[in-house]
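Visitor: just coords:
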């Protein structure tokens, strides 16, 4: 990317790192570290035409989510989201697509939460 003078790095992190979730300390810590690393890297490589950003997700309806939570738990979790639903892979893909696009050429070192408002709830 440096040699080519262009690049896009998009890291996926978790809102568990931003709001704190019991029982996932190591996972949340790793995601928080990824966010910090991304901000530093954005400053280091920005002059080479490379942007570095994060997409922060909360519970997203995937096969992995169903391995972690029961359907009943996921229905209960929906109540925590102001949008009234859990995230879909398409929601995450849209955010990644923006950061990967030429439209985001002036956006670097940022985190976009795709979480249905979950992280705003305390």
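Guide: Great, that's in hand. Computed from a prediction, not measured in an experiment: that's the story for all the values here. Residues are numbered from 1 along each chain as shown.
Visitor: For the rest of this, base every contact and every neighbour count on C-alpha atoms.
Guide: Noted.
Visitor: immediately after the longest helix that the chain contains, which helix or strand?
Guide: Counting by DSSP state H, the longest helix found in the chain is helix 25-45. As assigned by DSSP states H and E, the chain's next helix or strand after helix 25-45 is strand 50-57.
Visitor: Quick one: list the elements packing against the longest helix of the chain.
Guide: The contact analysis (3 or more CA pairs under 8 Å, 6 or more residues apart in numbering; DSSP states H and E) places helix 25-45 against strand 7-14, helix 16-19, strand 50-57.
Visitor: winner for burial among the ones you listed?
Guide: Comparing the helices and strands packed on helix 25-45 by mean neighbour count (mean count of other CA atoms under 10 Å), strand 50-57 ranks first with a mean of 24.
Visitor: Any buried residues in the longest helix of the chain, and which?
Guide: Residues of helix 25-45 classed as buried by neighbour count (16 or more other CA atoms under 10 Å): 28, 29, 31, 32, 34, 35, 38, 39, 41, 42, 45.
Visitor: Let me have those in JSON lines, extended by pLDDT and distance to residue 89.
Guide: Formatted as JSON lines, the buried residues of helix 25-45 follow (pLDDT from 0 to 100; distance: CA to CA, whole Å):
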{"residue": "28", "pLDDT": "93", "distance to residue 89": "20"}
{"residue": "29", "pLDDT": "95", "distance to residue 89": "23"}
{"residue": "31", "pLDDT": "95", "distance to residue 89": "18"}
{"residue": "32", "pLDDT": "95", "distance to residue 89": "21"}
{"residue": "34", "pLDDT": "97", "distance to residue 89": "20"}
{"residue": "35", "pLDDT": "96", "distance to residue 89": "20"}
{"residue": "38", "pLDDT": "98", "distance to residue 89": "22"}
{"residue": "39", "pLDDT": "98", "distance to residue 89": "24"}
{"residue": "41", "pLDDT": "98", "distance to residue 89": "26"}
{"residue": "42", "pLDDT": "98", "distance to residue 89": "25"}
{"residue": "45", "pLDDT": "98", "distance to residue 89": "29"}
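Visitor: Between the residues you listed, which sits nearest residue 111?
Guide: Nearest to residue 111 among the buried residues of helix 25-45: residue 35, at 7.6 Å, using CA to CA.
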